[in-house]
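> turn this into a model:
(chains A and B)
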Amino acid sequence: MTIQTLLESRLRDALGAPAQVSATADARFGDYQTNAAMILAKTRRMNPRQVATEIIEKLQVDDFCQTPEIAGAGFINFRLKPEFVAGQTRALLDDPQLGVPKAENPRKIIVDFSSPNVAKPMHVGHIRSTILGDTLARIARFLGHEVVTDNHIGDWGTQFGKVIYGWKHFRDDVALERDAIQELVRLYKHANSLADADPAIMTTCREELVKLQAGDPENLDIWKRTVALSWREFEAMYGLLGIHFDEHLGESAYNDALAPLVDKLLSCGIAEVSEGAVCVFFRDNPALAEKPCLIRKSDGGFLYATTDLATLQYRIQRWNADAIWYVVGAPQALHFEQVFNVAARMGISGDLRHIPFGSILGEDRKLMKTRSGENVSLRDVLEEAQQRALRLVEEKNPEMPAEEKATIAQIIGIGAVKYAELSQFRMSDYVFSWDKMLSFQGNTAPYLQNAYVRIRSIFRKSGSEFDAPTALALTEPAEEGLCKKLLQFGEIVPSILDDFRPNLLANYLYELANAFHGFYEACPVLKSEGETRTSRLALCELTARVLQQGLELLGIRVPERM
RNA sequence: GCGCCCGUAGCUCAGCCGGAUAGAGCAACGGAUUUCUAAUCCGUGGGUCGCGUGUUCGAGUCACGCCGGGCGCACCA
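Residues are numbered from 1 along each chain as shown, chains lettered A, B, ... in the order given. Now for the predicted structure:
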């Protein structure tokens, strides 16, 4: 149980009603505060400070708090007893969860994210979905939920007519071996420009697509090879990013389910034919009254929404999922609103969430367009990040073996890219900038990694393995401040999933590293003696564990040296 | 036209269910190093939280209306 929930439960005992407690923003107001008295005073039309006095009389907290104080308009401030802080911190050393409580009701959650397109390079636009989705999956798992990550790759669609046409006529096998995606893109672009100029070629491309959809063996084989080649490239990226998927069922996996699904929706009256297309109307919903969800085109073709509905149905059935999280950009909000509404009519009762995020902008603050060709590829971003990190490592540690330098550069470079994304609110538009992404100053991954490295360095020099003391002896304010920060880890992690905000964790880790650096400056560890030394070593060990665990939840690794 | 999102320091951004004097980083300036790794720490300056009205003991946070920017709204995904 966290201190926050402990205080809340004591307040509930005293009030007979739930009340909320939060950590204070300012140490002058103690460690935790509640505004319960002011809320109660409002309904009872009483003086808030009077109510606060009454609450304090009934409240039992003297086993871990000093006498609560009434302040301001009627706040009740709690200041933790130092021995309690020391005891709780000591207990964290034996807790593999580091104070993070397991969910009371574990759920089966499917997380849908990344979803790159076959025969197209992954670019910066995929960063957010990929990194955010991975983090949310990691956090949900750590909280005890059962998570299935599923990469719904775009492996089916009209672009394959052109890809197949290009493959048959202009394929360069050497280029394909060297950089498959680049070659596939070249083939697509070449076919596309020819088709634009020549209606006959356009027709041929359409025919190739129809043949593929009809199961023509040659086209099917070409398609399978493009998917395999693309997946190889995706896996290289995911390997570099340290991201794993439990499933990668692409759009094509649901082809056979589309026609039956539409038929079923028609026969049970959920869908209807309108202007030749099959649609679901939401006439009872004012916001969607003018926005039907199309599930079959007038030419018989299926749409994005059709596949998503089939996928949704499959996931609920196969995994008996309680929740599905879609980590997809904000522009698709309407699409998911429609799909979720259709799902509700189909009687699907899962907790379906679209987790939207903002756009990636260029340096000119305009939207980075997908089609305009000049997208920065994800591979380039990750390579540049590692190169920049390598330069810094070389500057800092020229004598280090080259192999170790490269490993550290990877950990730092990839971490910096991830952290740049995760440390800001997901809805904010993101201005893509090498300098910003790869700056290693201030609130960045390297800052947090550096705190960890400093701790590891202490243990290397201490000459002995860490041995947990039976109790902690705290004397300096910086020690107690660090302890209180460490004890908040268990409060922060669950709150992330309230609104899918991993930036809260990033922010916490930054504050923790800051508290540690303050402690590091004020409290010599190895030069101290006796129980002060063992206690400080324990604080170092715990800080390292929380930093390591917290960063791991963000999908970021820590180096031993840097 | 309808809908969604964003607007906080010069720049980039935090601010969770409304809570006390709105916080960081970068940039600027000043200080700390015979180092437990200075990728660090301490300090200084910098704000009509887009504008207005309302609800409230209390509003950056909630409601409504504007302004500005972005995105989406029937046969692409």
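
> what's the local residue count around the residue of the stretch 351-500 of chain A found nearest RNA strand B?
Distances between the stretch 351-500 of chain A and RNA strand B by CB to the nearest atom of the strand are smallest at A:G442, namely 2.1 Å. (Each C-beta comes from the backbone N, C-alpha and C, glycine too.) By other CB atoms under 10 Å, 8 other residues sit near A:G442.

> now A:L352
20.

> which parts of the stretch 251-400 of chain A are helices?
Taking DSSP state H, counting those that start in this stretch as the test, the helices found in the stretch 251-400 of chain A are A:255-267, A:304-319, A:333-345, A:378-396.

> out of the ones you listed, nearest to A:A52?
Judged by CB to CB, the one of these that comes nearest to A:A52 is helix A:333-345, at 43.2 Å.

> next, the residue of the stretch 351-500 of chain A closest to RNA strand B: secondary structure please.
Using DSSP: H, G, I helix; E, B strand; the rest coil, the structure places A:G442 in coil.

> that one and A:L40: what is the separation?
42 Å (CB to CB, to the nearest Å).

> ok, A:G329 next?
43 Å.

> also A:L7?
Separation of A:L7 from A:L40 (CB to CB) stands at 16 Å.

> could you do A:S267 as well?
According to CB to CB, A:S267 stands 56 Å off from A:L40.

> same drill for the two, tell me which one is more crowded.
A:L40 (19 against 9).

> which strand or helix spans that one?
helix A:36-44 (DSSP states H and E).

> counting by contacts, list what that helix packs against.
helix A:3-15, helix A:48-58, strand A:75-78 (3 or more CB pairs under 8 Å, 6 or more residues apart in numbering; DSSP states H and E).

> ok, and for that helix, which residues are buried?
Of the residues in helix A:36-44, A:A36, A:A37, A:M38, A:I39, A:L40, A:A41 count as buried by neighbour count, 16 or more other CB atoms under 10 Å.

> pLDDT at the residue located most distally from the centre of chain A, what is it?
Centroid-distance maximum for chain A: A:A200 at 46.4 Å, with CA atoms, centre = their mean. Listed pLDDT for A:A200 reads 93.

> so it sits in a helix?
Yes - assessed with three-state DSSP, A:A200 lies in a helix.

> and the residue nearest to A:A468 when sequence neighbours are not counted, what does it touch?
Nearest residue to A:A468, sequence neighbours excluded (CB to CB, 6 or more residues apart in numbering): A:L93, at 4.9 Å. Going by CB atoms under 8 Å, 6 or more residues apart in numbering, A:L93 touches A:A468, A:A538, A:E541, A:L542.

> would you agree the second one is in contact with A:P469?
Yes - with contacts counted by CB atoms under 8 Å, A:A538 reaches A:P469, the gap being 5.8 Å.

> which residues are in contact with both of these two?
A:R90.

> looks like A:K461 contacts A:L526 (just checking).
Yes - look at A:K461 against A:L526 with CB under 8 Å: they come within range, at 6.1 Å.
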